[in-house]
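> I'll drop the sequence and a predicted model, then ask my questions.
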Number of protein chains: 2
Amino acid sequence: MSGSRTGSPSIRDVARAAGVSVATASRVLAKADYPVATGTRERVLDASRALGFVPNALARGLARAKTDSIGVIVPVLINPYYAAMVQGIDAAAQENGITMLLSLSGGDEARRETAIGEFLARQVDGVLICAGADDHVPGRSPAALGIPAVLIGQQANAGFPMIVTDNRRAGFEATAYLWGLGHRRFLYLTSHDAWHDFRERGEGMLDYLRSTGETFEAEVFKGLSGEADSYRRIRDACEEGLSATALLASTDRHALGAIAALTDAGRLVPDDVSVMGFDDYVTSRFVRPALTTMQMPAAEMGRLGVARLCDMLAGKAVPPETRLLAAAIERGSTRAYGGQ
Amino acid sequence: MSGSRTGSPSIRDVARAAGVSVATASRVLAKADYPVATGTRERVLDASRALGFVPNALARGLARAKTDSIGVIVPVLINPYYAAMVQGIDAAAQENGITMLLSLSGGDEARRETAIGEFLARQVDGVLICAGADDHVPGRSPAALGIPAVLIGQQANAGFPMIVTDNRRAGFEATAYLWGLGHRRFLYLTSHDAWHDFRERGEGMLDYLRSTGETFEAEVFKGLSGEADSYRRIRDACEEGLSATALLASTDRHALGAIAALTDAGRLVPDDVSVMGFDDYVTSRFVRPALTTMQMPAAEMGRLGVARLCDMLAGKAVPPETRLLAAAIERGSTRAYGGQ
DNA sequence: CTGAAAGCGCTTACAG
DNA sequence: CTGAAAGCGCTTACAG
């Protein structure tokens, strides 16, 4: 039935069945617009269909030096932010006929570099690196990499085109929203200053407060690695006397932990304290109080990353940095300051 | 520097630099245990390092008819259940030196089949299909596929090895837990009966209730597609008079929606009504009340799927079905029946 | 222990 | 519009 090792028909089988040369078969099968006599074209197509021909992408890639595939590196997937990002990447990739190779780094630089090496060996056309909050720049420069790459997410500039969300502005606007509600005493909950996204959100808060020219209080709790830390710290603060009436959390996780702590300490949210997060986790809207949050355009960042890669592959120039905006989603965990 | 098209050195360049044949270079570079003179080996290794040689996986795959890659299809990623599953797959793949090609189907059969075709063209060694609750069996039989494939998640048997969680038993045990708390009036919240996982969880509930030989009440609300539906239905039920004291939700999403509805309707959880979910979403534990739930071993299912694939590739026999168990995680949304 | 050569399944100038 | 041939970068019997 076929001379191939795998048992599946090769283009030679198709050519033979159609009574044409391999070259011609290749042209009708792979180049839709190549001029081929109508009759010839149909015989090839029929033969291909009859044999159930599946072109070998390995051979094709080898011959063309192009694989229509990209490598994607992401820290984790259980974080909804990255899950949404990869969904955006997948959607754009499918639209462009690109296959995605995915590797998780777990935030580990060594694993990230290993993955890049894997991708390079597999001859991907480009690489998309979704930066973890604490990731350092990739080990290879754009030149050393040799193929187009774009960074998605806040990170130190390393010469790669980047897709980021303007976190500073997001923090600025979240604070403006809370200020508009009458709040004057703020508390920002965050993890580490080395994590760009979170530091910038906090800076944005301060930017806004200072811009008002009025009196305010602003405190920052750092080093909170997640819900549990956030819970403990706020629980303690409640005992020691919490002065802030508005809590801005660097992520929804921190916000959820804070709300739990406040609730357990007998403080009502949003009646006594307003809480606002960042990210808009899917579940955040189905808890009570539903979480007011700044929605990060993660899926859109992913889509744009693929678009940039495609542009680069097409030889087009791309902007060194693209900034998207987060959107405030008002829900039940914030309300006008009642005065205490 | 090299005769290659891409500018990167090929094995020919390495061989030339080391003063050996391509065959020998290939042997030391690709087959660690092939007998080669120590001096020769070192010269090749040195040359490879000096040139920064990266073997072309396409050429290797073509020559070996093996690519050390697998194709993975998953409905979505923003559902934490699948996110965890893919993380498990990635971890096992990395441990086995396997690269993952990932494609999301969005629950669409056509996209799933297209993805399988893509994977086949790219000569993956095997395929992992993560079944969506409403997925039908793959369009190709194991024989038609031609390469090893395993199904992860409940689905109609199609002749592929399967990794599933015993949902019936999970429903059974969740109910036993609630029964032990003194509850006798149950309500099961679910979507569609065609969705194996959810139907079986409900059947497990009934199994347990009947097994007690005692009197009970059991109602089922079907057709709830997510939090919003769940919220509305429970909100209505509260107005019409909700008799159940224990709500078993087919997913954490449904549970969260139910809790929100109960809260908004002035019913306290767990004081008035106990609510239990399935899945253990990351965020479920940081809301108040923290959600009691049956934890699905999604990551483990993923890991096992890869393990089965590896066994099949090694020519070993694998069991047609592997059932894992869900674990009850007791938290704050359930409590002993107070008697009303 | 090593090499020459064929082959994996495509694509693409080059000729006609 | 079509074909013969070289080439993509590896691996692997087959000889020695």
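Noted; the coordinates are in hand.

> can you confirm A:L102 is in a strand?
Yes: judged by DSSP: H, G, I helix; E, B strand; the rest coil, A:L102 forms part of a strand.

> can you tell me the element A:G277 falls in?
According to DSSP states H and E, A:G277 maps onto strand A:274-279.

> name the helices or strands packed onto that strand?
helix A:167-180, strand A:246-249, helix A:252-264, strand A:292-295 (3 or more CB pairs under 8 Å, 6 or more residues apart in numbering or on different chains; DSSP states H and E). Placement of C-beta: from N, CA and C, glycine included.

> OK, contacts around the closest residue to A:V287 other than its chain neighbours?
Closest residue to A:V287 apart from its sequence neighbours, by CB to CB, 6 or more residues apart in numbering or on different chains: B:V287 at 4.3 Å. Residues near B:V287 by CB atoms under 8 Å, 6 or more residues apart in numbering or on different chains: A:256, A:259-260, A:283, A:287, B:256.

> just put those residues in a markdown table and tack on pLDDT and distance to B:I116.
As requested, these are exported to a markdown table (pLDDT from 0 to 100; distance: CB to CB, whole Å):
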| residue | pLDDT | distance to B:I116 |
| --- | --- | --- |
| A:L256 | 93 | 39 |
| A:I259 | 94 | 44 |
| A:A260 | 91 | 44 |
| A:T283 | 77 | 32 |
| A:V287 | 83 | 38 |
| B:L256 | 93 | 34 |
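
> also near DNA strand C: which of the residues you listed, exactly?
Among the contacts of B:V287, no residue lies close to DNA strand C (CB under 7 Å from any atom of the strand).

> what is the nearest of the residues you listed to A:A37?
For those, the residue nearest A:A37 by CB to CB is A:T283; the value is 59.9 Å.

> what's the local residue count around that closest one?
23 (other CB atoms under 10 Å in any protein chain shown).

> for my notes, confirm it occurs in a strand.
No: read with three-state DSSP, A:T283 is helix and lies in no strand.

> any idea how far DNA strand D is from it?
To DNA strand D, A:T283 is 47 Å away according to CB to the nearest atom of the strand, to the nearest Å.

> again, but for A:V220
As judged by CB to the nearest atom of the strand, A:V220 and DNA strand D stand 52 Å apart.

> what's the answer for A:L102, then?
Separation of A:L102 from DNA strand D (CB to the nearest atom of the strand) stands at 24 Å.

> hmm, B:L104 and that residue touching each other?
No: using CB atoms under 8 Å, A:L102 makes no contact with B:L104, being 10.6 Å away.

> which residues does whatever residue of the stretch 151-300 of chain A ends up closest to DNA strand D contact?
Closest residue of the stretch 151-300 of chain A to DNA strand D, CB to the nearest atom of the strand: A:F160 (24.9 Å). By CB under 8 Å, 6+ apart, the contact set of A:F160 is A:129, A:138, A:142, A:149-151.

> next, format those residues as a markdown table and append neighbour count.
Listed next are those as a markdown table, based on neighbours: other CB atoms under 10 Å in any protein chain shown:
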| residue | neighbour count |
| --- | --- |
| A:I129 | 26 |
| A:P138 | 23 |
| A:P142 | 15 |
| A:A149 | 28 |
| A:V150 | 25 |
| A:L151 | 26 |
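
> mind putting those residues into a markdown table with distance to A:R169?
Output for those, formatted as a markdown table (distance: CB to CB, whole Å):
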| residue | distance to A:R169 |
| --- | --- |
| A:I129 | 23 |
| A:P138 | 26 |
| A:P142 | 27 |
| A:A149 | 26 |
| A:V150 | 21 |
| A:L151 | 19 |
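
> show me chain A divided up by domain.
Per automatic domain parsing, the structural domains of chain A span A:11-55, A:68-166+A:298-324, A:167-295.

> just checking, A:A83 touches A:L77?
Yes: judged on CB under 8 Å, A:A83 makes contact with A:L77 at a distance of 5.4 Å.

> what sits in contact with each of those two?
Common neighbours of A:A83 and A:L77 (criterion: CB under 8 Å, 6+ apart): B:77, B:83.

> and the one residue in chain A that gets nearest to DNA strand D, how far from A:R27?
DNA strand D sits closest to A:P35 of chain A, with a gap of 2.5 Å, by CB to the nearest atom of the strand. To A:R27, A:P35 is 9 Å away according to CB to CB, to the nearest Å.

> ranking helices and strands of chain A by mean pLDDT, which lands last?
Lowest by mean pLDDT, DSSP states H and E among the helices and strands of chain A is helix A:142-145, with a mean of 90.

> tell me the mean pLDDT for the helix or strand following that one?
For helix A:142-145, the following helix or strand on the C-terminal side (DSSP H and E) is strand A:149-152. The average pLDDT within strand A:149-152 is 96.

> and for stretch A:48-62?
Stretch A:48-62 shows a mean pLDDT of 96.

> relative to A:R169, how far out is the residue positioned nearest the centre of chain A?
By CA atoms, centre = their mean, chain A has its centre lying nearest to A:M85, at 3.2 Å. Distance, A:M85 to A:R169, by CB to CB: 20 Å.

> what residues sit buried inside the least confident helix or strand of chain A?
Neighbour counts over helix A:142-145 (16 or more other CB atoms under 10 Å in any protein chain shown) mark A:L145 as buried.

> restricting to C-alpha, output that helix in CSV.
Output of helix A:142-145 as CSV, limited to C-alpha atoms (Å, rounded to 0.1, in the frame of the first residue of the first chain):
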residue,chain,number,x,y,z
PRO,A,142,17.7,38.3,21.0
ALA,A,143,20.7,37.9,18.7
ALA,A,144,21.9,34.7,20.5
LEU,A,145,18.4,33.3,20.2
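
> and for that helix, what's in contact with it?
Applying CB under 8 Å, 6+ apart, the external contacts of helix A:142-145 come out as A:116, A:120, A:127, A:138, A:149, A:158-160.

> do stretch A:48-57 as well
Outside stretch A:48-57, the residues that touch it by CB under 8 Å, 6+ apart are A:2, A:8-11, A:13-14, A:17-18, A:25, A:29-30, A:47, A:67-68, B:62, B:117, B:120-123.

> at 6 Å what do you get?
Contacting residues not belonging to stretch A:48-57 are listed as A:9, A:13-14, B:120-122 [CB atoms under 6 Å, 6 or more residues apart in numbering or on different chains].

> that stretch close to DNA strand D?
No: against DNA strand D, stretch A:48-57 shows no contacts by CB under 7 Å from any atom of the strand, the least distance being 10.7 Å.

> that stretch near DNA strand C anywhere?
Yes: applying CB under 7 Å from any atom of the strand, one finds stretch A:48-57 in contact with DNA strand C at A:53-56.

> so how do I select the buried members of these in ChimeraX?
In ChimeraX, a selection of the buried entries from the residues of stretch A:48-57 next to DNA strand C looks like this (16+ other CB under 10 Å):
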select /A:53,54,55,56
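
> how about JSON lines for the residues of stretch A:48-57 next to DNA strand C, with secondary structure added?
Listed next are these as JSON lines, based on three-state DSSP:
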{"residue": "A:F53", "secondary structure": "coil"}
{"residue": "A:V54", "secondary structure": "coil"}
{"residue": "A:P55", "secondary structure": "coil"}
{"residue": "A:N56", "secondary structure": "coil"}
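
> I'd like the residues of stretch A:48-57 next to DNA strand C as CSV, with distance to A:W195 appended.
Formatted as CSV, these follow (distance: CB to CB, whole Å):
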residue, distance to A:W195
A:F53, 51
A:V54, 45
A:P55, 45
A:N56, 44
